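**Q** Quick check, what structure comes out for this input:
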Amino acid sequence: MHELHQSAETQLTIAEHVNNRFEQAVMNPGFADLASLFSEEELSNDPRERLAQLRRIGTENWDFRKGAERQAVQWGDGVFANPQSEVGKAVFAGATKLGMVEPTPLAEGDYDMVVLGGANRSPLERLEWGLEQPARVHTIFMLGSTRKLSDAEKNATADFAPGAETEYDLMRAAVSSTFQESGREFTLTRAAYAYSSGEVAKVDRYATDVGNVYVLCAPAPDKAATGRDRANTSDTYRLLRTFAGNYLRTSDRKLALSTNAFFSGFQEADVLAEITLPTGAEVTCTSFAAAYTGKTRLPSQLLQEALSYVNSLTKLDEAIRAQVEQSNLGSVIAGLESRRQG
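**A** This next block holds a predicted model:
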């Protein structure tokens, strides 16, 4: 696919914008509040030094997954399983400042929308939330993978996705269910899309009264090369970038990420790294609280996703620096830092 190339000046403007959002996120007082529960270390006023401190504190104290899938984790006991304990209340207060607890509605305006795949009913819930917002949505990109569903997931989604075997099946069923239940009409076309050497993605296009809804399914990566047997969020963003990158570069509409507030921090950092930085597409996040889907969250879960947020901010920092270096804009970071200090 032929891609539009951006000038060095455009890349500079994008890098500066993304770097500003990166620094604002790292300096969010919610991170300092959470860190103070586990460490008396004074956090640096330099965003990158502070990020390194947060990564160390978080890795030592907030990692309850230990590499396991979220739905397979035992989320602790004692104060970390009790939202009403003093520590639990403090965790919720810090996570609220990070945008991980309360809903964030989407402002009125014209948007394209991204809905990430996820476990259980997440694809359906994220699509429904996005369409409920007081905004005009034109094109929707549903990003999924071939991850196999557990038996528990199959049972939890049987009402809208009977027979589903993969996350991709859940994404397609979420679209069909959402539009059928509201009595809206749509037509479906399906295709295979070769987007890089040896990789073929599945693409479903639903023509609806909202606009086109694309379900993009990233193939499983080479496990020998990546150590993974399924696509991750970055893989699905890469698919979106190659499938619709030129559109995203030239569209005058913002891109809205519709998701759970619980996951919004790290997912927004990822989309800044994988979509905004390479294409310049302006991204905003709209998210729903746990109560929207009848769920409750534990302090241990919030700490885990705060660590995910820190890890994604680390990747975002690396992406900013890589783009600066590749674009021969080596003075950008220094200039941004001196400008901030001045």
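**Q** ok, now which ones touch Asn61?
**A** Asn61 is in contact with Phe38, Ser39, Leu303, counting by C-beta atoms under 8 Å, 6 or more residues apart in numbering. Yep, even glycine has a C-beta here, placed from its N, CA and C like the rest.
**Q** what about Gln12, is that helix, strand or coil?
**A** I think there's a mix-up here, since residue 12 is Leu and not Gln. Of the three states, Leu12 takes helix according to DSSP: H, G, I helix; E, B strand; the rest coil.
**Q** That one: neighbour count?
**A** Neighbours of Leu12 under the rule other C-beta atoms under 10 Å: 18.
**Q** Out of the contacts of Asn61, grab the one that's most surrounded.
**A** Leu303 (24 neighbours).
**Q** What's the separation between that residue and Asn311?
**A** 13 Å (C-beta to C-beta, to the nearest Å).
**Q** beta partners of Arg205?
**A** Under DSSP bridges, the beta-bridge partners of Arg205 are Thr189, Tyr214.
**Q** Can you list the low-confidence ranges for the stretch 151-300 of the chain?
**A** 182-185, 194-199 (pLDDT under 70).
**Q** Which parts of it are helices?
**A** Listed in chain order, the helices found in the stretch 151-300 of the chain under DSSP state H, counting those that start in this stretch are 151-156, 167-181, 223-226, 233-250, 261-271, 277-279, 299-326.
**Q** hey, C-alpha coordinates of the first one in CSV?
**A** Output of helix 151-156 as CSV, limited to C-alpha atoms (Å, rounded to 0.1, in the frame of the first residue of the first chain):
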residue,chain,number,x,y,z
ASP,A,151,-15.3,-21.8,28.2
ALA,A,152,-16.2,-19.1,30.7
GLU,A,153,-16.1,-16.4,28.0
LYS,A,154,-18.3,-18.5,25.7
ASN,A,155,-20.9,-18.8,28.4
ALA,A,156,-20.7,-15.1,29.3
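**Q** Would you mind listing the buried residues in it?
**A** Judged by neighbour count using 16 or more other C-beta atoms under 10 Å, the buried positions of helix 151-156 are Glu153, Lys154.
**Q** Check the offset of that helix from the chain's centre.
**A** 23 Å (C-alpha atoms, centre = their mean, to the nearest Å).
**Q** coming back round to it: Throw the helices of the stretch 151-300 of the chain into a markdown table and include distance to Val87, thanks.
**A** Shown next, in a markdown table, are these (distance: least, C-beta to C-beta, whole Å):
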| stretch | distance to Val87 |
| --- | --- |
| helix 151-156 | 29 |
| helix 167-181 | 34 |
| helix 223-226 | 37 |
| helix 233-250 | 30 |
| helix 261-271 | 19 |
| helix 277-279 | 36 |
| helix 299-326 | 7 |
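**Q** Which one, of these, ends up nearest to Gln11?
**A** helix 299-326 (6.5 Å; C-beta to C-beta).
**Q** re the thing from before, most tightly surrounded among the helices of the stretch 151-300 of the chain?
**A** Neighbour counts (mean count of other C-beta atoms under 10 Å) averaged over each of the helices of the stretch 151-300 of the chain peak at helix 261-271, with a mean of 24.
**Q** now for that helix, which elements pack on it?
**A** Secondary-structure packing of helix 261-271 (3 or more C-beta pairs under 8 Å, 6 or more residues apart in numbering; DSSP states H and E): helix 8-26, helix 233-250, strand 254-260, strand 283-288, helix 299-326.
**Q** hmm, 7 Å instead?
**A** helix 233-250, strand 254-260, strand 283-288, helix 299-326 (3 or more C-beta pairs under 7 Å, 6 or more residues apart in numbering; DSSP states H and E).
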